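In: Predicted coordinates and the sequence they were generated for:
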Amino acid sequence: MRDAPRINGRRLAGRLESLGEIGALPGGGVCRLALTEEDRQGRERVLTWMVELGLEVSVDAMGNLFGLRPGLEAGPPVMTGSHIDTVRTGGLYDGNLGVLAGLEVVETLNDAGITTRRPLCVASFTNEEGARFAPDMMGSLVYVGGMPLEEALATRGIDGERVGDCLEAIGAGGDAAVGAPDVHAFVELHVEQGPVLEETGMTIGAVEKVQGISWTEFTFTGTSNHAGTTPMRLRHDAGYAAMATATFVRELVNRIGGDQVGTVGSLEIAPNLVNVVANHARFTVDLRNTDNDLLKQAEQELANFVERLAVQEGIQVERRTLARFDPVPFDAAMVDRVEASARALGHSVMRMPSGAGHDAQMLARICPTSMIFVPSVGGISHNINEFTAFHDVEAGANVLLRVLLDLSD
């Protein structure tokens, strides 16, 4: 492989800070939910940078944004990228680093006068977080053919709005065909969003797989009644049932152990009054595991518990699957490339799974794929205090540059 130049870390940090100004929260962090006005402004800034770098920009009907750098030969590009939408209390790095590091690679190659044999493409996918519209990784899922475009556009968010209407409202939909161009390989740089790299003193994670994800929404319907005069034996308490389920989820994942995790992250109770037995509860359960059989076991045990509880408490229950993705192994040769590139640059590196979902797991359906992790301070992410040290950002971007050059030669 040719000797690779080094990225300009200060320039990359500047772009991260600049993008972080859009949707900035008091005390730090960012709220840039998918297909909001803040998302529109973020997209516009990224698109402007792409144009300034001489990339050929295209946007598909899902709002996925692509910047293509032609190579010496035509053909499927080597792609990198991630997303710029955030959760409601997001940080500056989750997703954003992958997109902006891709732009930094392009600018570094421009400065060095290097034209790769294969084209390079920087992608920013729509609605990766799923914080407003489920499922997560929606844009990349549509891109690889895993979800029909029409179904995605018809999806309603937590605010009742439709994806298609919101795309139109912010002018984010384009006329490029969904699923084009073909992709030779995909590499995503991302912050770990967990504590493992920091705890082990490692700089780079060569991600071998992404764990499976199961999101379910439950709705319990009981009977409102007076909190003081209704005997416990005669209650049909939807609030109790929701909280009992949340407690069961914690017991379940602890019992299964290993990589199994579970979270009740959203809970609504009505009428939400101190002296009234709740007649309505809606909540979500997020289950994840690198072992699909164990994930299925957790799903089944949860379903059985909820059914028994509904009968016991005399309440009605409805369930809705919000997202379900099997664990995804990454291409072994691609993981080897990440590890070798990190070692060649003198960085400590370890192979590891990803506990979070990423666009890369969708791209793995259509092309060889891998991910590069850099440490998250304190293992904190989806939080305004999310932080990755400058030297780790720089190290990860240089590994990305080296891997992309290797793939595109």
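Out: Thanks, I have the structure now.
In: show me where the stretch 151-300 of the chain has helices.
Out: Secondary structure of the stretch 151-300 of the chain by DSSP state H, counting those that start in this stretch: the helices cover 163-169, 196-200, 238-256, 292-313.
In: list the helices and strands the last one packs on?
Out: Translated: helix 292-313. Of the remaining helices and strands, those touching helix 292-313 by 3 or more CB pairs under 8 Å, 6 or more residues apart in numbering; DSSP states H and E are strand 212-221, helix 238-256, strand 280-289, strand 316-325. Yep, even glycine has a C-beta here, placed from its N, CA and C like the rest.
In: Specify the stretch among these that is closest to Cys31.
Out: Shortest distance between Cys31 and the helices and strands packed on helix 292-313, using CB to CB, is found for strand 280-289: 19.4 Å.
In: average pLDDT for that closest one?
Out: With pLDDT averaged residue by residue, strand 280-289 scores 97.
In: That one vs helix 292-313, what angle?
Out: Going by axes from the mean of the first three to the mean of the last three CA atoms, to 10 degrees, strand 280-289 is angled at 160 degrees with respect to helix 292-313.
In: Any regions of the stretch 151-300 of the chain where pLDDT drops low?
Out: Within the stretch 151-300 of the chain, no stretch has pLDDT under 70.
In: same thing but at 90, please
Out: Filtered on pLDDT under 90, the stretch 151-300 of the chain yields the residue ranges 179-181.
In: quick one on the thing from earlier: let me have the helices of the stretch 151-300 of the chain in JSON lines, extended by mean neighbour count.
Out: Listed next are those as JSON lines, based on neighbours: other CB atoms under 10 Å:
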{"stretch": "helix 163-169", "mean neighbour count": "19"}
{"stretch": "helix 196-200", "mean neighbour count": "16"}
{"stretch": "helix 238-256", "mean neighbour count": "18"}
{"stretch": "helix 292-313", "mean neighbour count": "16"}
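In: what about these, which gets the closest to Glu73?
Out: Minimum separation from Glu73 across the helices of the stretch 151-300 of the chain (CB to CB) falls at helix 163-169, 33.9 Å.
In: To Val142, which of the helices and strands packed on helix 292-313 lies closest?
Out: Closest to Val142 of those is strand 316-325 (CB to CB; 13.6 Å).
In: ok, now which ones touch Gly173?
Out: With contact set as CB atoms under 8 Å, 6 or more residues apart in numbering, Gly173 has these partners: 59, 61-63, 164, 167.
In: out of the residues you listed, who's nearest His382?
Out: Sorting the contacts of Gly173 by distance to His382 puts Gly63 at the head of the list, at 22.1 Å, by CB to CB.
In: What values do phi and psi take at that closest one?
Out: For Gly63, the backbone dihedrals (degrees, to the nearest 10) come out as phi 90, psi 10.
In: can you check Met350 too?
Out: Dihedral angles phi and psi of Met350 (degrees, to the nearest 10) take the values phi -140, psi 150.
In: That one: what's its closest spatial neighbour, skipping adjacent residues?
Out: For Met350, ignoring the flanking residues on the chain, the nearest one in space by CB to CB, 6 or more residues apart in numbering is Met202 at 4.8 Å.
In: isn't that neighbour right next to Arg343, touching?
Out: No: contact criterion CB atoms under 8 Å: Met202 and Arg343 do not qualify, at 11.7 Å.
In: what residues do those two have in common as contacts?
Out: Val349.
In: returning to that earlier point: farthest-apart pair in the contacts of Gly173, please.
Out: Farthest-apart pair in the contacts of Gly173 is Val59 and Gly164; separation 14.6 Å (CB to CB).
In: returning to that earlier point: can you put the helices and strands packed on helix 292-313 in CSV and add distance to Leu141?
Out: Putting those into CSV (distance: least, CB to CB, whole Å) gives the following:
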stretch, distance to Leu141
strand 212-221, 12
helix 238-256, 25
strand 280-289, 17
strand 316-325, 9
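In: coming back round to it: next, format the helices of the stretch 151-300 of the chain as JSON lines and append distance to Leu407.
Out: Shown next, in JSON lines, are the helices of the stretch 151-300 of the chain (distance: least, CB to CB, whole Å):
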{"stretch": "helix 163-169", "distance to Leu407": "31"}
{"stretch": "helix 196-200", "distance to Leu407": "23"}
{"stretch": "helix 238-256", "distance to Leu407": "38"}
{"stretch": "helix 292-313", "distance to Leu407": "29"}
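In: Out of those, the one nearest Thr155 is which?
Out: Nearest of the helices of the stretch 151-300 of the chain to Thr155, taken as CB to CB: helix 163-169 at 4.8 Å.
In: Kindly provide the distance from the residue nearest to Met350 to Val311.
Out: Between Met202 and Val311 the distance is 49 Å, computed by CB to CB, to the nearest Å.
In: for Gly239, same thing?
Out: To Val311, Gly239 is 18 Å away according to CB to CB.
In: One more: Leu97?
Out: According to CB to CB, Leu97 and Val311 sit 48 Å apart.
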